[in-house]
Every structure is written in structure tokens, then in C-alpha cells.
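Undergrad: Sequence and predicted model, in that order:
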Amino acid sequence: MLLTRSLPKVGNAIKRILVRCPQTGKLTDTGRTVAEASFPTTRLTNNKMTCLHCGQVHSWTKKDVVLAR
Ligand SMILES: [Zn+2]
């Protein structure tokens with residue numbers, strides 16, 4: 001007897017990496033993604049992004065990250 005279950009794997013979702021713009025205070029998509037389960041062990045250092053809100057280039061680190069769906 002076959003049971004086909006497609007239960008979602010907890011914590012395995014792919015999240016978008018957002019950081020908060022220091023100029024406008026708005027969340028900005030960095031264009032990067034990370035698996036939620038591996039985020040605690042993922043190294044994210046010395047990253048830069050061009051901000052959609054103010055047009056400047058911001059550097060960000062892992063502590064600045066907000067994960068979004
Ligand atoms: Zn900005």
C-alpha cells in the first residue's frame with residue numbers, strides 16, 4: 001500500500017533576504033535567497049546592494065537581514 005504524502009518540510013522554505021534601508025527605513029530586497037533551515041549557519045558578510053528606495057549602495061551584514069517569504 002502506497003501512501004503519498006507531501007508534507008512541507010519544516011524550516012526548509014526558501015526565504016528572500018531583505019535589509020532595512022538606513023536612509024528611508026524601508027525593507028529592500030537584496031535579490032538573494034537562503035533556505036530558512038540553513039540560515040543560522042550561512043555566512044553573509046561584506047555584502048552590497050543597490051537600494052531600490054534611495055538609489056544608494058548599501059553594505060549589509062547578516063545581522064541586518066530580515067527574512068521574507
Ligand atoms: Zn537605501
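TA: That came through, no problem. Residues are numbered from 1 along each chain as shown.

Undergrad: Which elements pack onto the top strand by length along the chain?
TA: Longest strand of the chain, by residue count under DSSP state E: strand 27-35. If you count contacts as 3 or more CB pairs under 8 Å, 6 or more residues apart in numbering; DSSP states H and E, strand 27-35 packs onto strand 14-20, strand 47-50, strand 65-68. Yep, even glycine has a C-beta here, placed from its N, CA and C like the rest.

Undergrad: in this structure, which segments are predicted with low confidence?
TA: Counting by pLDDT under 70, the chain contains low-confidence ranges at 1-11.

Undergrad: What residues does it have near the ion?
TA: Cys21, Gln23, Cys51, His53, Cys54 (CB under 5 Å from the ion).

Undergrad: If you drop the residues flanking it in sequence, what lies closest to the second one?
TA: Translated: Gln23. Leaving aside its sequence neighbours, Gln23 sits nearest to Cys54 (CB to CB, 6 or more residues apart in numbering; 4.1 Å).

Undergrad: pretty sure that neighbour is in a helix, no?
TA: No: Cys54 is assigned coil when assessed by DSSP: H, G, I helix; E, B strand; the rest coil, not a helix.

Undergrad: and it, how many neighbours does it have?
TA: Using other CB atoms under 10 Å, Cys54 is surrounded by 14 other residues.

Undergrad: how about it, what does it touch?
TA: Cys54 makes contact with Cys21, Gln23, Thr24, according to CB atoms under 8 Å, 6 or more residues apart in numbering.

Undergrad: show me what contacts the second one?
TA: Read that as Gln23. Counting by CB under 8 Å, 6+ apart, Gln23 touches Cys51, His53, Cys54, Gln56.
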